[in-house]
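In: Turn this into a structure:
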Amino acid sequence: HLAARYFDTLVKLQQVHGMAGAFLSWNDLQATVSQVNAQVQEETNQVLAVSLINEALEQNNPEKTLSSLLLPAAGLDDVSLPVAPRYHLLLVAAKKQKAQVTGDPGAVLWLEEIRQEVVRANQDTNTAQRMALGVAAINQAIKEGKAAQTERVLRNPSVGLRGVVPDCADGYQQVLEDAMAKKRRPGDTALWVQHDMKDGTAYYFHLQTFQGTWERPPGCRLNTSHLTREEIQLAVTKITAAHDRQQLWKANVGFIIRLQARLRGFLVRQKFAERSHFLRTWLPAIIKIQAHWRGYRQRKIYLERLQYLKANTNAVIKIQAWARMWAARRRYRRRLGYFQKNVNSIVKIQAFFRARKAQDDYRMLVHAPHPPLSVVRRFAHLLNQSHQDFLAEAELLKLQEEVVRKIRSNQQLEQDLNLMDIKIGLLVKNRITLQEVVSHCKKLTKKNKEQLSDMMVLDKQKGLKSLSKEKRQKLEAYQHLFYLLQTQPIYLAKLIFQMPQNKTTKFMESVIFSLYNYASNRREAYLLLQLFKTALQEEIKSKVEQPQDMVTGNPTVVRLVVRFYRNGRGQSALQEILGKVIQDVLEDKMLSIHTDPVHLYKSWINQTEAQTGQRSHLPYDITPEQALSHPEVQRRLDISLRNLLAMTDKFLAAIISSADQIPYGMRYVAKVLKTTLAEKFPEATENEVYKVVGNLLYYRFLNPAVVAPDAFDIVAMAAGGALATPQRHALGAVAQLLQHAAAGKAFSRESQHLRVLNDYLEETHLKFRRFICRACHVPEPEERFAMDEYSDMVAVAKPVVYITVGELVNTHRLLLEHQDWIAPDHRDPLHELLEDLGELPTVPDLIGENVAADGNVDLSKLEVSLTLTNKFEGLETDADDTNARSLLLSTKQMLADIMQFHSGDSLKEILSLSASREQEAAHKRLMCRRQACEAQTPESLRRHRSLTAHSLLPLAEKQRRVLRNLRRLEGLALVSASNGYQGLVDELAKDIRNQRRHRQRRKAELVKLQATFQALSTKTTFYEEQGDYYSQYIRACLDHLAPSSKSSGKGKKQPSLHYTAAQLLEKGVLVEIEDLPTSHFRNVIFDITPGDEAGKFEVNAKFLGVDMERFQLHYQDLLQLQYEGVAVMKLFNKAKVNVNLLIFLLNKKFLRK
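Out: Here you go, the predicted model:
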């Protein structure tokens, strides 16, 4: 048997080492033999210990049993000396029971059976100890006389008392005190008490030491006044039974009362039945007697009264008249007094009914497809523009301007910060002097203080907005052009795909987003969405050959949409969706997610070496399969995977529940993408389409914020701060898992250790599928923003955009270059507008001579505001106008004015009524107030002339014009007289509803713009802090350079350098001089003198001692050329010099670096 174990162990060792066919070493053989011998010796010792325990049980010797149990070979834990009798008792009983079950008198207990009985004895001891302590606590509470405390200890589960009711606390206390008093004996001070257990054994407990034993201590006396558990249970049962009986009576009081009532009712009904039987027996006689008597008495009274009235007829008539008058007056006074007393209630009731009627009418106006004229007439006054409406529009317009200016200011600050980054990088790389960086920092600080606004004002005397006919026509032409570009997205959509891809993003940010005011209000948001929709459809139609191209490629429109909606309001949406879960990851310092087996293996080795101080014998560079062969690596991988799944579930829950928080524009573009792909590729499966849409919503929009939350301001980071490597690695692992789930991609053989996550990925992909379907379920922009073809015509404020002169010129140039492709039809309105603009102007032509003469201002960045108008609007006010749109609008405006003064059930009835003098006067007052309000309104907020042309007409004239317009509209098939012109009534109802929605959205836009402006201000503060951070860095560098600057002396002028051209040629600085032979280079001398400003040098060229040329050399320009990779530059347009060697020479001779 021992040889077989040797053989089996050696075979397993050979399998572990993977050395099939190879020989084991002597050390391996000796270790295996020693291991098997140790195991056999341990088993032999355990058998000997078990035999000793059974021998002690046979001899019925508790001491020997305890000593055998304590043998180390037995491997028994928690063997205690006080429990020795219990061990012996339970083991003897178990041995006897086994002998009875097996029928073998010599049956012995095995090691596992002995271990179970030892554990059972310990548990019995603990149970008895807790029960004894509980009984002692009950006796102590009884002695203290506190009923609440007694009731609390009675409910101790260790004692196991039954039927304890909290309401009987006082009863328990009284009965137990009586029982203790009966048992108490004078002079009884014994401290031992005896408790009888359920198996018949006794447990002895000391009241002072709180220790117990299973054997009666020698010479102990038992305490006679101590209540046992059985006595306490008896008292509790007695009190509880009495309480239950009392509660039973209380619960059945109603039943007893009902029983008594039934008995009494029976007796009363019995008497009533006897009386009723008597009356029913003699009923005919009783009725006859009563009738004779009543008839006789009534006839007598009637004759006497009739005789009296005939004798006093005149007096009776007079009295009746006075009585009736008094009764009528009393009723009237009472009714009048009641009304006067409750006048407030009457007013409230009337107001309630009127409000209910108004609510019903408004509900019908909003929800009914064809509201009646009476309802529309009641709310026609809502179409009037109040002074508050104009003020709100002005405030909205002003806030939009401030937001756009703030965005431009932040963009300029960001560009300046990027330039500072480059300058500091050049400083470190090329050891540049700091004066240029300091000067740029001062410039940045000045821009921060002035908000870049004072530098962007046009010269109105000579610029585009000058008061001349030519400039005015030019301005109006640009306004017409940009209105067409804004409202007809097909032009810009085609223009995007005519430019190189690297210029598209810059063009979109600089021109298109400015053209739509960064979607700062609902009109611009609606039009920008139309552009995205048209451009996306155009790109899919012309460039996408299969749905997967939208995923594998980099579609221009998708890239621009994501970039736009991930900034601004979309950034706050990302913060709301992912901010909390990302913050949880960053705050969890113990979180470690690593799924690479090699990384886990190396971290395990590093941790082991750091803890033990000894070098590990394991190899450091291994494959993932070899790393996974170690149990510790598998354990750490399991922990990392569990942490990864838990964290991914949090991100998944946050994303799936946030469909409504994703910006509407992003969701609508996803809907357009889904619909367009399904239309172009009808053979594509629904799963393929959803994968493309999921790539847009998750991978392109949400995933970058998960991977780099600091880059999108999801989490607040201090200036110069960054995420820690473990945090970034954890976020990357979560993003990778979510990306696989969104794409429905499982882990393959390359990631064998991660294939256990494939079931989770499949389940999560279905959740993403439902999330994407819900995200694509959005209304159309027309419904969302309440926009239609008449919106611009009825809008109070005209659209205004803010664009730089450089952007204006660039857009004009691009349109001229690509106009044939954008608008192939030469009758297209775009060609007419470009002809109105004429040739492409220059920037100085547009800004004026005064500003252009200022060399300190970047001319292309000066800003101009354009109030957009439609050249092809076609709304005229003459009576012969046949434009259906204009005719419909003017008819609705006049009809709305008429309905406020005439009532009727149909339009024909209202238009046929004659206006009274009072109605004409009221109408004239209303129109005068409207005209006065219009006069005080700024030009940009005034309504179109076509909507105000008929306002001052008399009411009767308006009625005649409306009748004439109705006949013309009926001829154009826009309305019908057969249904009472219900179509026109429906249009008025729609205008009223849109007016209300416009006011609500305007209010919401004000709130959003204020929040956006505040967020932009916060971003400006961050950029200022970043600029301060750079300034501190520069000051620190200046402090390091301070000693070298002092050594040169303050007032001492640095000497200039004198080199001949031959010397510079020899050093490699000079490459050649045009039209001068090399033999004459010794006659050419270059003097290089440092200027007053650090980093500036004056180069003077002399030929035969005669000054020929002077050149101002800027060290920063040299660094910029070096940064751009320019190796050779020209001086004086003749001499070619090596840029790198010239920088080296200046550093060595002047900058001492």
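In: how much space between residue 899 and residue 970?
Out: From residue 899 over to residue 970 the distance is 19 Å, taken as C-beta to C-beta, to the nearest Å. Just so you know, the C-beta spots here come from the backbone N, C-alpha and C atoms, and that holds for glycine as well.
In: what about the two, which has more around it?
Out: residue 899 (23 against 15; other C-beta atoms under 10 Å).
In: Next, count neighbours for the nearest residue to residue 600 once chain neighbours are set aside.
Out: Among residues not flanking residue 600 along the chain, residue 636 sits closest, at 4.7 Å (C-beta to C-beta, 6 or more residues apart in numbering). Other residues near residue 636 come to 20 when the count uses other C-beta under 10 Å.
In: can you pull the contacts of residue 636?
Out: 594, 600, 603, 604 (C-beta atoms under 8 Å, 6 or more residues apart in numbering).
In: Show the average pLDDT along stretch 845-864.
Out: Confidence for stretch 845-864, expressed as mean pLDDT, is 63.
In: Now do it: distance from first to last residue.
Out: Distance across stretch 845-864, first residue to last, is 14 Å (C-alpha to C-alpha, to the nearest Å).
In: tell me the mean pLDDT over the helix of greatest length in the chain?
Out: Secondary structure assigned by DSSP state H gives helix 982-1047 as the longest helix of the chain. For helix 982-1047, mean pLDDT is 71.
In: All the helices of the stretch 551-700 of the chain, residue numbers only.
Out: Using DSSP state H, counting those that start in this stretch, the helices assigned to the stretch 551-700 of the chain run over residues 556-565, 569-587, 597-612, 624-628, 631-656, 664-680, 686-694.
In: just to revisit the earlier point, would CSV of the contacts of residue 636 with neighbour count and distance to residue 624 be doable?
Out: Listed next are the contacts of residue 636 as CSV, based on neighbours: other C-beta atoms under 10 Å; distance: C-beta to C-beta, whole Å:
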residue, neighbour count, distance to residue 624
594, 19, 12
600, 25, 10
603, 15, 14
604, 18, 14
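In: Show me which of those is closest to residue 648.
Out: Lowest distance from residue 648 to these (C-beta to C-beta) belongs to residue 594, with 14.7 Å.
In: How about the contacts made by the closest one?
Out: Neighbours of residue 594 in contact, by C-beta under 8 Å, 6+ apart: 600, 603, 636, 640, 729, 733.
In: same question, residue 289
Out: So residue 289 contacts nothing (C-beta under 8 Å, 6+ apart).
In: Quick check: phi and psi at it.
Out: When read as degrees, to the nearest 10, the backbone of residue 289 gives phi -60, psi -50.
In: Which pLDDT does the model give it?
Out: Per-residue pLDDT puts residue 289 at 91.
In: tally of neighbours for residue 972?
Out: With other C-beta under 10 Å as criterion, residue 972 counts 12.
In: Make 51 the starting number, not 1.
Out: Sure, I'll start counting at 51 from here, so that last one is residue 1022.
In: Next one: it from residue 692, what distance?
Out: 72 Å.
In: thinking again about what came up before, the helices of the stretch 601-750 of the chain into JSON lines, with extra columns for mean pLDDT and distance to residue 272?
Out: Output for those, formatted as JSON lines (pLDDT from 0 to 100; distance: least, C-beta to C-beta, whole Å):
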{"stretch": "helix 606-615", "mean pLDDT": "83", "distance to residue 272": "87"}
{"stretch": "helix 619-637", "mean pLDDT": "79", "distance to residue 272": "63"}
{"stretch": "helix 647-662", "mean pLDDT": "78", "distance to residue 272": "58"}
{"stretch": "helix 674-678", "mean pLDDT": "81", "distance to residue 272": "68"}
{"stretch": "helix 681-706", "mean pLDDT": "86", "distance to residue 272": "58"}
{"stretch": "helix 714-730", "mean pLDDT": "90", "distance to residue 272": "84"}
{"stretch": "helix 736-744", "mean pLDDT": "87", "distance to residue 272": "81"}
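In: Ok, which of the ones you listed comes nearest residue 1026?
Out: helix 714-730 (34.9 Å).
In: tell me which strands and helices the closest one is in contact with?
Out: In terms of contacts (3 or more C-beta pairs under 8 Å, 6 or more residues apart in numbering; DSSP states H and E), helix 714-730 is packed against helix 572-593, helix 606-615, helix 736-744, helix 808-825, helix 831-835.
In: what's the distance between stretch 155-167 and the middle of its chain?
Out: 65 Å (C-alpha atoms, centre = their mean, to the nearest Å).
In: Neighbours of residue 574, how many?
Out: Residue 574: 20 neighbours (other C-beta under 10 Å).
In: Just to check, it is in contact with residue 849?
Out: Yes. Residue 574 is in contact with residue 849 according to C-beta atoms under 8 Å; the separation is 7.5 Å.
In: Can you point out the buried residues in the helix or strand hosting residue 968?
Out: Element membership for residue 968 (DSSP states H and E) is helix 967-986. Using 16 or more other C-beta atoms under 10 Å as the test for burial, helix 967-986 gives 969, 973, 976, 977, 980.
In: what's the pLDDT at the last one?
Out: Residue 980 carries a pLDDT score of 70 in this model.
In: so who does residue 1060 touch?
Out: So residue 1060 contacts residue 449 (C-beta under 8 Å, 6+ apart).
In: and it, how far is that from residue 1024?
Out: Counting by C-beta to C-beta - residue 1060 and residue 1024 are separated by 42 Å.
In: can you check residue 418 too?
Out: Taking C-beta to C-beta, one finds residue 418 at 21 Å from residue 1024.
In: of these two, who's got more company?
Out: residue 1024 (18 against 13).
In: just checking, the more buried one touches residue 1031?
Out: No. Assessed by C-beta under 8 Å, residue 1024 is found out of contact with residue 1031, at 9.9 Å.
In: Would you map the helices across the stretch 451-600 of the chain?
Out: In the stretch 451-600 of the chain, the segments counted as helices under DSSP H, counting those that start in this stretch are 485-500, 519-537, 539-546, 551-557, 563-565, 572-593, 599-602.
In: which residues are contacting the shortest one?
Out: Helix 563-565 is contacted by residues 454, 532, 535, 536, 542, 614, 851, 852, 853, 854, 857 when judged by C-beta under 8 Å, 6+ apart.
In: which one of the residues you listed is nearest residue 1140?
Out: residue 854 (38.3 Å).
In: Tell me what that closest one is bridged to.
Out: residue 913 (DSSP bridges).
In: From the chain's centre, how far out is stretch 237-249? Work that out for me.
Out: With C-alpha atoms, centre = their mean, you get 69 Å for stretch 237-249.
In: I misspoke; the intended subject was stretch 265-284.
Out: Distance, centroid of stretch 265-284 to centroid of chain: 69 Å (C-alpha atoms, centre = their mean).
In: what's the answer for stretch 681-700, then?
Out: 27 Å.
In: got the buried residues for it?
Out: Under 16+ other C-beta under 10 Å, the buried positions of stretch 681-700 are 683, 686, 687, 690, 691, 693, 694, 695, 697, 698.
In: Can you tell me which of those is closest to residue 113?
Out: Of those, the one sitting nearest to residue 113 (C-beta to C-beta) turns out to be residue 686, at 51.0 Å.
In: measure that closest one to residue 811 for me?
Out: Counting by C-beta to C-beta, the gap from residue 686 to residue 811 is 22 Å.
In: got a list of what the residue lying farthest from the centre of the chain touches?
Out: In the chain, the greatest distance from the average C-alpha position (C-alpha atoms, centre = their mean) is reached by residue 361, at 99.6 Å. For residue 361, the contact set (C-beta under 8 Å, 6+ apart) is empty.
In: how near is residue 764 to residue 1058?
Out: 20 Å.
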